[in-house]
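Student: below are the sequence and a predicted model for it; my questions follow.
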Number of protein chains: 2
Amino acid sequence: MANTQDDTLASRISRVLAERIISGALSPGARLRQDHVAEEFGASHVPVREAFRRLEAQGLAVSEPRRGVRVASFDLREVREVAEMRAALEVLALRHAVPNLTPAVLDKAETATATADCASDVRSWEEANRAFHRLILEPCAMPRLLASIDDLHAASARFLFSAWRSSWQPRTDHDHRAILAALRGGNGDEAAAILGRHVQWIGRTPVRNESGETREIFSIVG
Amino acid sequence: MANTQDDTLASRISRVLAERIISGALSPGARLRQDHVAEEFGASHVPVREAFRRLEAQGLAVSEPRRGVRVASFDLREVREVAEMRAALEVLALRHAVPNLTPAVLDKAETATATADCASDVRSWEEANRAFHRLILEPCAMPRLLASIDDLHAASARFLFSAWRSSWQPRTDHDHRAILAALRGGNGDEAAAILGRHVQWIGRTPVRNESGETREIFSIVG
DNA sequence: CCTCCTGAAATTATCTATAATTTTTTGCCA
DNA sequence: TGGCAAAAAATTATAGATAATTTCAGGAGG
C-alpha cells in the first residue's frame, strides 16, 4: 500500500476530488454525494465531509446546507476575476522574490518554459507553465501569499482545461523569456510589469457545442 | 431558540471559534481539542472537525495529522505579508469599485470613518474601520476577491487585538478622508494610491510583558 | 400535452458507540 | 533529579441509527 502513513484520509480524498474537478472529469454543477464518494474510497462519510469543506474553501465546490455539495460553476466574469487577482498577487510575490533569485533558479525557470513550448497537450503545458511561475515566485518566502497563488492557479487550470478540452496548439512563450531576460538584467520592475500584463491575458478558444453552434470559451493562458 | 434553522452546526462552531481566535481569547499555539469543543457546544465530534477544517483554510488554525489542531501563531513577517496582500487586493478591488460607487455609499463610508474616530476601544474601532473598507470595496462585485479580503481583515484584526490588548488611543483617520475626497472628486487613481499606502502602514505598540521588559508589537492600523 | 401535487426514496446532518493508533502525561525507579 | 515504561487521553476513523429535508417519479386534473 505505502500510502496510509503520510497524511489524513480526508486530505487524500480532497486531493483526488480537486484533481477531478480541475481536469473537468467532474463538470460544473455536478453533485458530490457523500455516501457515493465514501463508498468509492472505501471510507465512511466523516472524512468525506471534511474533504468537502476543503474543496469549498478552495472555491472548487459550493455547499448549500441540507442540499449537499456541488462542483462550483464559473463564467467569464470569474475567469477575469482570477486573472486580475493572479496579476496583483504574482506581481507582489515577484517583487519580493527578486532579491532572492539566483542564476540556478532562473535556469530552472528557463527549462520549464522550454518544456511548456514543446508541450503537445494542454495538461503538460499547464504543468510546465505552473512550474515556471512557482519557480520565480517561491523565493519571495511568503507562505500565505504563495498558498493563495496556488489556489488561483488551480482555478486557472480548470478554466484552461475547460476551454482546450482535447486540442492544444503549441506556442512560444515570449513573455516568459522577456521576464527572464529582465530578471537576468537586474530589472525587477520591468519583469514585474511584464508578468502583470502576461497573467491578465485572456485567450479565446472557439468551441463547437452539442447543437453544432460555435461559442467562444475564455481562459487564462499564462 | 430561533438559531437552529439558518445554517449548519459546523459553520456556527467555526464562527464562534474564529471570533475567539481573532479576539485573542484563544492564544496562538493553544490546542483545540475536538472532544472539549464538542462538549462545550453540545455537539458530536463530526461537526467540530468540519469547523476545524474551515479555520484551517482561513489561516486561523493549523493542523498536524494525528497531533490535532492548534491556534495559528504569527510573527512580524506574517503581519507584513498580510499588509502587503491587503494593499495589493484592496487596490484592485477599489479600481473596479470606482465606476459603481454612488454618493450614498460614500456617505455611509464617511459615517463609518466618523464612528472609527470616536471609538474608545479597539474592538469598536476595528469594526468601524472594517465597515469603511467593506463599503468602498463591495461595489467591485468580485465575490472571490472580496472573500479573500475578508479573510485578510480577520488576520489583521487578530494582529491588532494582540497589540492593543486593552488600551486604545483615538485618532483621526486622515487617510480615510483623503480617500473619500479623491473618490468624490472622481480621482480613482489617487484614491487607490492612498489606499495602498494606507493599508501597508504598520503601527508599533510598546507592550510590557510578564517579566517587565518592554517589547514592541506590530500590527496593521488601517 | 403540460402543470401541479403527493408520496416514496434518497440525501444530508447529526448522534452514539467503538476501535486502532499515536501522543502526552504520569509515576516509578535508579 | 532524570529517564523510561505504563497509563491516560486524544486523534482519526468506522458503523449504524435517526430526524429532517430534498429530490424525483408518477398520477390527477386542467
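Tutor: Good, I have the coordinates.
Student: those strands in chain A, which residues are they?
Tutor: For chain A, applying DSSP state E gives strands covering A:31-32, A:61-64, A:68-71, A:202-208, A:214-220.
Student: can you list these in JSON lines and add mean neighbour count?
Tutor: To be clear about C-beta, it is placed using only N, CA and C from the backbone, and glycine gets the same treatment. Formatted as JSON lines, those follow (neighbours: other CB atoms under 10 Å in any protein chain shown):
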{"stretch": "strand A:31-32", "mean neighbour count": "16"}
{"stretch": "strand A:61-64", "mean neighbour count": "16"}
{"stretch": "strand A:68-71", "mean neighbour count": "19"}
{"stretch": "strand A:202-208", "mean neighbour count": "14"}
{"stretch": "strand A:214-220", "mean neighbour count": "16"}
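Student: anything in the least confident helix or strand in chain A by mean pLDDT near chain B?
Tutor: Every helix and strand in chain A was compared by mean pLDDT, DSSP states H and E; the lowest is strand A:202-208, with a mean of 74. No: using CB under 8 Å from any CB of the partner chain, strand A:202-208 stays clear of chain B, with a minimum separation of 15.1 Å.
Student: okay, that strand in CSV with CA atoms only?
Tutor: Only the C-alpha atoms of strand A:202-208 are listed here, as CSV (Å, rounded to 0.1, in the frame of the first residue of the first chain):
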residue,chain,number,x,y,z
ILE,A,202,-7.2,36.0,-21.6
GLY,A,203,-7.3,33.6,-24.5
ARG,A,204,-10.3,32.9,-26.6
THR,A,205,-11.0,29.4,-27.9
PRO,A,206,-13.8,28.7,-30.4
VAL,A,207,-15.6,25.6,-29.3
ARG,A,208,-18.4,23.8,-31.0
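Student: that strand vs strand A:214-220, what angle?
Tutor: Interaxial angle, strand A:202-208 versus strand A:214-220 (axes from the mean of the first three to the mean of the last three CA atoms, to 10 degrees): 150 degrees.
Student: which elements pack onto strand A:202-208?
Tutor: The contact analysis (3 or more CB pairs under 8 Å, 6 or more residues apart in numbering or on different chains; DSSP states H and E) places strand A:202-208 against helix A:76-97, helix A:143-163, strand A:214-220.
Student: cutoff 6 Å now
Tutor: On a contact count with 3 or more CB pairs under 6 Å, 6 or more residues apart in numbering or on different chains; DSSP states H and E, strand A:202-208 meets strand A:214-220.
Student: hey, C-alpha coordinates of the strand it packs on in CSV?
Tutor: Coordinates of each C-alpha in strand A:214-220 appear next as CSV, following Å, rounded to 0.1, in the frame of the first residue of the first chain:
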residue,chain,number,x,y,z
THR,A,214,-19.8,27.8,-32.3
ARG,A,215,-19.1,29.6,-29.0
GLU,A,216,-16.0,31.2,-27.6
ILE,A,217,-14.7,29.9,-24.3
PHE,A,218,-12.3,32.1,-22.4
SER,A,219,-9.4,31.1,-20.2
ILE,A,220,-6.2,32.4,-18.8
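Student: quickly run through the sheet partners of it, with directions.
Tutor: Applying DSSP bridges, strand A:214-220 is found paired with strand A:202-208 (antiparallel).
Student: and chain A, which residues reach DNA strand D?
Tutor: Contact residues (CB under 7 Å from any atom of the strand) of chain A with DNA strand D: A:8, A:9, A:10, A:42, A:43, A:44, A:45, A:46, A:47, A:50, A:66, A:67.
Student: and the strands of chain A as JSON lines, adding distance to residue B:75?
Tutor: Output for those, formatted as JSON lines (distance: least, CB to CB, whole Å):
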{"stretch": "strand A:31-32", "distance to residue B:75": "38"}
{"stretch": "strand A:61-64", "distance to residue B:75": "33"}
{"stretch": "strand A:68-71", "distance to residue B:75": "35"}
{"stretch": "strand A:202-208", "distance to residue B:75": "38"}
{"stretch": "strand A:214-220", "distance to residue B:75": "33"}
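Student: which one of those strands lies closest to residue B:147?
Tutor: Proximity to residue B:147 (CB to CB) singles out strand A:61-64 among the strands of chain A, at 12.0 Å.
Student: just how off-centre is the closest one within its chain?
Tutor: Per CA atoms, centre = their mean, to the nearest Å, the displacement of strand A:61-64 from the mean C-alpha position of its chain is 20 Å.
Student: gap between the residue of chain A found nearest chain B and residue B:8?
Tutor: In chain A, the residue found nearest to chain B is residue A:57; the distance is 3.3 Å by CB to the nearest CB. Distance of residue A:57 to residue B:8, given as CB to CB, to the nearest Å: 15 Å.
Student: and for residue A:130?
Tutor: Residue A:130 sits 34 Å away from residue B:8 when distances are taken as CB to CB.
Student: how's chain A carved up into domains?
Tutor: Annotated domains of chain A cover A:9-71, A:76-220 [automatic domain parsing].
Student: turn the ones you listed into CSV, including distance to residue B:72.
Tutor: Below are those laid out as CSV (distance: least, CB to CB, whole Å):
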stretch, distance to residue B:72
domain A:9-71, 15
domain A:76-220, 10
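Student: before we move on, the earlier item: have a look at residue A:57 and residue B:8 and say which one is more surrounded.
Tutor: residue A:57 (18 against 15; other CB atoms under 10 Å in any protein chain shown).
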